[in-house]
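Participant: below are the sequence and a predicted model for it; my questions follow.
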Amino acid sequence: MVRLKKFILSIFGFQNKIFNYLLIKYKKVSYETYPIVNGRLFIRGNGKIIFGKNVKFNSSPSANPIGGDTRMTIRANKGATLKIDDYCGISNCAIICHESITIGKHVKIGGSVKIYDTDFHSLNAELRKNNITDIPVTKPVIIGNSCFIGAFSIILKGVSIGNNSIVGAGSVVTKSVPENEIWAGNPARFIKKLDT
């Protein structure tokens, strides 16, 4: 029974590898080294996507000990640029890029984090009534080197997170976080400085 289970899992793993490889080629994702993927990626849109060296994605609830309520979803709209730099580890997240999202080196992003550089819809109720005038505000998101974004956090448009900073689990980050600080809460607030 154990052998059968391992055999079935190996078949699914092989299928996922083929699927991911073809999807990355089809979407013209550029990379320094081919990413390590546990599970199946979902890549949407026609924007520019760049992966650095040794980027790792978990994309299934069983690939991460804390689980996750989504698979690894990346969307870069036409004209947008999404860059994930070297040695990043990202689990079961949704990264939606309408303009620009940059994630630095050695960043850890926990399960079910959401990163959005857009409001998705106009904040004006009258403009939202018509698809032609329902134009969202977009602002770049920048996550510095060696940051740690706790599980189930949301990073909103226009936010920069400084090098080495930590965002506590379940936080909603609405304004920029300086480097070497811990922020947490909804909305996220300064908790303390990190020892450097």
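Facilitator: Sure, I can see it. Everything numeric in this text was worked out from a predicted model, so none of it was measured. Numbers count the residues shown, from 1 in each chain.

Participant: which residues touch the residue lying closest to residue 144 once chain neighbours are set aside?
Facilitator: For residue 144, ignoring the flanking residues on the chain, the nearest one in space by CB to CB, 6 or more residues apart in numbering is residue 163 at 3.9 Å. The C-beta positions use only the backbone N, C-alpha and C, and glycine is treated the same way. Listed by CB atoms under 8 Å, 6 or more residues apart in numbering, the contact partners of residue 163 are 104, 144-147, 179-180.

Participant: now, which of the residues you listed lie within helices?
Facilitator: If you go by DSSP state H, the contacts of residue 163 have nothing in helices.

Participant: using a markdown table, lay out those residues together with pLDDT, distance to residue 18 and neighbour count.
Facilitator: Putting those into a markdown table (pLDDT from 0 to 100; distance: CB to CB, whole Å; neighbours: other CB atoms under 10 Å) gives the following:
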| residue | pLDDT | distance to residue 18 | neighbour count |
| --- | --- | --- | --- |
| 104 | 98 | 31 | 22 |
| 144 | 98 | 35 | 21 |
| 145 | 98 | 33 | 17 |
| 146 | 98 | 33 | 18 |
| 147 | 98 | 33 | 23 |
| 179 | 97 | 41 | 17 |
| 180 | 98 | 42 | 16 |
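
Participant: how is residue 66 assigned, secondary-structure-wise?
Facilitator: At residue 66, secondary structure determined by DSSP: H, G, I helix; E, B strand; the rest coil is coil.

Participant: ok, the nearest residue to it once chain neighbours are set aside - contacts?
Facilitator: Nearest residue to residue 66 in three dimensions, chain neighbours excluded: residue 111, at 4.8 Å (CB to CB, 6+ apart). Applying CB under 8 Å, 6+ apart to residue 111 gives the contacts 58, 64, 66-68, 91-93, 151-152.
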